[in-house]
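Student: Sequence first, then the predicted structure:
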Amino acid sequence: MTTHQQDSFFATLSNSVRFVLVVILLTLVGCGGTPTKPNPKPVVIAGGKGIPEPLPSQSAQAIDFEAYRAVREIAVSQGTLAARSHRDALLVRGLDATTAALINSLIAWLDGDIKEAETQLGNATTTDPTARQFIMGEQQRRYEVQGNWLAAAKLGHARLLLSDMPESGLSDALWSALMHLSDAQLVAALAAADGSDWRGWLTLSQAYRTGRQAVNQWLGSHRDHSALNPLPAALGVWLDTTPPASVAVLVPLSGRLEDAGGAVLNGIIEALYQQFPSVQQRPRLVAIDTEAYPDVVTAYRDAIRQGAELVLGPLTKNEARVMGSLQERPAAVIALNRPEALPDSDAAGWHALSLAPEDEARQIAQIAFGKGQRRAIIISPSTDWGQRMTAALNDQWSQLGGTLVASLELEAAITESEQISNLVGAADSEQRIRSFERAFEAPVEARPRRRQDFDVVFLLASDPAQARSLRPLLIYHYTGDVPVFATSAASSGHQHIQNRDLNDLMLLETPAVLEAVDVDRYTRLSGLGEDAVLMIDHWRQAENTTAPFARARTGLLRRLDNGEIERELIPVVFDGGELRPLALP
């Protein structure tokens, strides 16, 4: 029906009928035709409706892992409603109370009801060693997703002490949680610590951040500690490592990337003198301009000819791709960019240290999930960068158990306001109101509403200007109550009045920017150079563990089996135009 036909139709109706229609249509405007709750709350098992209560548990009740995994698979692939149906079918066949509580906790967790998930997990009690380890491990993983690293570390320590056989996986998980704690958090935890073994783990983490001498002193005074069998995160490899005598840096020092290469080199030089204050222990540094060679492989071979035992660089993705494809690398390479992932079997002597934004996309997905959000929309530029970021984020989001409700690739031909309005459903609501006003030739007192089927927005802005443009539009189109997450690309690092447009935007930032007095476009690259020097001391250790090995200038670093160095940045939020730490549990 056209607008003219609508007007003619309404004009033929009596006033009383028109009044009734107004009431009905305004109700439709208010609801917007979408569900008011994105996720139903989990149903606590209490019998009734033909569903029996779970069978009483024994004190040493084992877990029905087959049932638990089946419910989890259904929940992730089909949703929690289908998972509840399968749980009820299991109850009809007979399911013990411990496994039932664990399943209920899983469903609540995937629904975003964190409190109910914790309550149900607390109901899953047993003295069976395997079951206890599983239940505690599940809680530890949830603490990690929530960013509650101290609680995760304490639970990891309890699991380690309960284990009959020492496992590197348990000690590495505990170490990982401790590495996430800031120095101030470590001090506070130590002040409140009970038990000598737990205190020992905290002081070992402090010693590691100080250096080898402090760790060796710790080892001398903790000969029977649980951290010794085996040492976590390949600390033994690190203690036995000596720095190379000569290091080469392969970066562009001329041409169009001269400034970027210079920023990296300056960071390397500054960090080299700080990390190796002794001339006798400081590696000799050879700076090689990759622009002066026909290709990067020739530059690499010249570095080896000049005695380099370790190579930092190259800087560009194409050159890093070439270096990664080499069948033989006589000198280990710490590339300063990340090409396509190598097979694990080809990653010996290969480390891809970079400012890859995909790491940040995965991290903000985890933070949002840890805060209880489960149904997302993604806004990104219609570029290769935007597509890569969306893919990385959505992959992590779906693995965690989140749902992507909708996504928007911004197009230049349509205004951003119109695109966002259509995405969040405000445009349909506004159009309905305008139609009613035309039909009745009078203003309608109704406030447009957005769609109600999402609870988080991932704003993958490519730069601060785009973020400052899009964030106010989300508020304008009735999504001011929805949490919005972004990456460090939304932050210039400067504190100025324009940032007030970004208030309440949650994002990530590098320590290099947060700790800098003056920030410019090369601050992060300089931090990358500093971390390359840190890798001089840790690359052999990194090859032997996937646990975090350094709290660095570009973030918390850990090496994947394919050689990629993954970063975790610091969660922050814009408050009054300034970046402040984001409150996590």
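Tutor: In hand now; what should we look at?

Student: Report the secondary structure element holding Tyr208.
Tutor: Assigned by DSSP states H and E, Tyr208 belongs to helix 196-210.

Student: Packing partners of that helix?
Tutor: Counting contacts by 3 or more Cβ pairs under 8 Å, 6 or more residues apart in numbering; DSSP states H and E, the secondary-structure elements packed against helix 196-210 are helix 149-162, helix 168-180, helix 183-191, helix 212-221. C-beta coordinates here come from the backbone N, C-alpha and C atoms, glycine included.

Student: what would those look like in JSON lines with mean pLDDT and distance to Ser85?
Tutor: Below are these laid out as JSON lines (pLDDT from 0 to 100; distance: least, Cβ to Cβ, whole Å):
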{"stretch": "helix 149-162", "mean pLDDT": "96", "distance to Ser85": "32"}
{"stretch": "helix 168-180", "mean pLDDT": "94", "distance to Ser85": "34"}
{"stretch": "helix 183-191", "mean pLDDT": "97", "distance to Ser85": "43"}
{"stretch": "helix 212-221", "mean pLDDT": "97", "distance to Ser85": "53"}
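
Student: just to revisit the earlier point, name the residues of the helix holding Tyr208 that come out as buried.
Tutor: When neighbours are counted by 16 or more other Cβ atoms under 10 Å, the buried residues of helix 196-210 are found to be 198, 200-208.

Student: and the two most separated of these?
Tutor: Checking the buried residues of helix 196-210 against each other with Cβ to Cβ, the farthest-apart pair comes out as Trp198 and Tyr208, at 16.2 Å.

Student: one step back: any idea which of the helices and strands packed on helix 196-210 is most buried?
Tutor: Burial among the helices and strands packed on helix 196-210, expressed as mean neighbours by mean count of other Cβ atoms under 10 Å, is greatest for helix 168-180, which shows a mean of 22.

Student: what comes into contact with that one?
Tutor: Outside of helix 168-180, the residues that reach it under the criterion Cβ atoms under 8 Å, 6 or more residues apart in numbering are 140, 143-144, 147, 149-150, 152-153, 156-157, 159-160, 163, 186, 201-202, 205, 226-227, 230-233, 545-549, 551, 556, 558, 568.

Student: 7 Å instead, please
Tutor: 140, 144, 149, 152-153, 156-157, 159-160, 163, 201, 205, 227, 230, 232-233, 545, 547-548, 551, 556 (Cβ atoms under 7 Å, 6 or more residues apart in numbering).

Student: now it and helix 183-191, what's the angle there?
Tutor: Counting by axes from the mean of the first three to the mean of the last three Cα atoms, to 10 degrees, helix 168-180 lies at 120 degrees to helix 183-191.

Student: Let me know the pLDDT of Ala248.
Tutor: What the model reports as pLDDT for Ala248 is 98.

Student: What is the burial count for it?
Tutor: Other residues lying near Ala248 total 26 when counted by other Cβ atoms under 10 Å.

Student: and what of the one 5 residues further on?
Tutor: Here the neighbour count serves as a burial measure; for Leu253 (other Cβ under 10 Å) it reads 19.

Student: Give me the phi and psi for Leu404.
Tutor: Summarising the backbone geometry of Leu404 under the convention degrees, to the nearest 10, its torsions are phi -90, psi 110.

Student: pretty sure it contacts Asn394?
Tutor: Yes. Using Cβ atoms under 7 Å, Leu404 is in contact with Asn394, at 5.4 Å.

Student: follow-up on the earlier one: now the helix holding Tyr208, how far from the centre of its chain.
Tutor: Relative to its parent chain, helix 196-210 has a centroid offset of 26 Å by Cα atoms, centre = their mean, to the nearest Å.

Student: who's in contact with Glu509?
Tutor: Counting by Cβ under 7 Å, 6+ apart, Glu509 touches 488, 491, 569-570, 572, 579.

Student: so can I have JSON lines of those showing distance to Val264, secondary structure and pLDDT?
Tutor: Formatted as JSON lines, the contacts of Glu509 follow (distance: Cβ to Cβ, whole Å; DSSP: H, G, I helix; E, B strand; the rest coil; pLDDT from 0 to 100):
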{"residue": "Ser488", "distance to Val264": "18", "secondary structure": "helix", "pLDDT": "97"}
{"residue": "Ser491", "distance to Val264": "20", "secondary structure": "coil", "pLDDT": "93"}
{"residue": "Leu569", "distance to Val264": "19", "secondary structure": "coil", "pLDDT": "98"}
{"residue": "Ile570", "distance to Val264": "21", "secondary structure": "strand", "pLDDT": "97"}
{"residue": "Val572", "distance to Val264": "24", "secondary structure": "strand", "pLDDT": "97"}
{"residue": "Leu579", "distance to Val264": "24", "secondary structure": "strand", "pLDDT": "93"}
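
Student: and Ala260, which of the helices and strands packed on helix 196-210 is closest to it?
Tutor: helix 168-180 (29.5 Å).

Student: Pipe the buried residues of helix 196-210 into JSON lines and attach pLDDT per row.
Tutor: Conversion of the buried residues of helix 196-210 to JSON lines gives the following (pLDDT from 0 to 100):
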{"residue": "Trp198", "pLDDT": "98"}
{"residue": "Gly200", "pLDDT": "98"}
{"residue": "Trp201", "pLDDT": "98"}
{"residue": "Leu202", "pLDDT": "98"}
{"residue": "Thr203", "pLDDT": "98"}
{"residue": "Leu204", "pLDDT": "98"}
{"residue": "Ser205", "pLDDT": "98"}
{"residue": "Gln206", "pLDDT": "98"}
{"residue": "Ala207", "pLDDT": "98"}
{"residue": "Tyr208", "pLDDT": "98"}
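
Student: returning to what we had before: quickly list what's touching both of Leu404 and Asn394.
Tutor: Taking Cβ under 7 Å, 6+ apart as the contact rule, the neighbours common to Leu404 and Asn394 are Ile378.

Student: just to revisit the earlier point, ok, so of the buried residues of helix 196-210, who is nearest His477?
Tutor: Proximity of those to His477, judged by Cβ to Cβ, is greatest for Ser205, which lies at 45.9 Å.

Student: Excluding covalently adjacent residues, which one is nearest to the closest one?
Tutor: Across the structure, with Cβ to Cβ, 6 or more residues apart in numbering as the measure, the residue nearest Ser205 apart from its sequence neighbours is Leu178 (4.3 Å).

Student: cool, Leu239 as well?
Tutor: Among residues not flanking Leu239 along the chain, Arg212 sits closest, at 6.1 Å (Cβ to Cβ, 6+ apart).

Student: thought the one you found was touching Thr241?
Tutor: No. At 9.1 Å, Arg212 and Thr241 do not qualify as touching, with contact defined as Cβ under 7 Å.

Student: where does the stretch 201-350 of the chain have low pLDDT?
Tutor: Counting by pLDDT under 70, the stretch 201-350 of the chain contains no low-confidence range.

Student: where along it do the helices fall?
Tutor: 212-221, 235-239, 258-275, 296-305, 317-324 (DSSP state H, counting those that start in this stretch).
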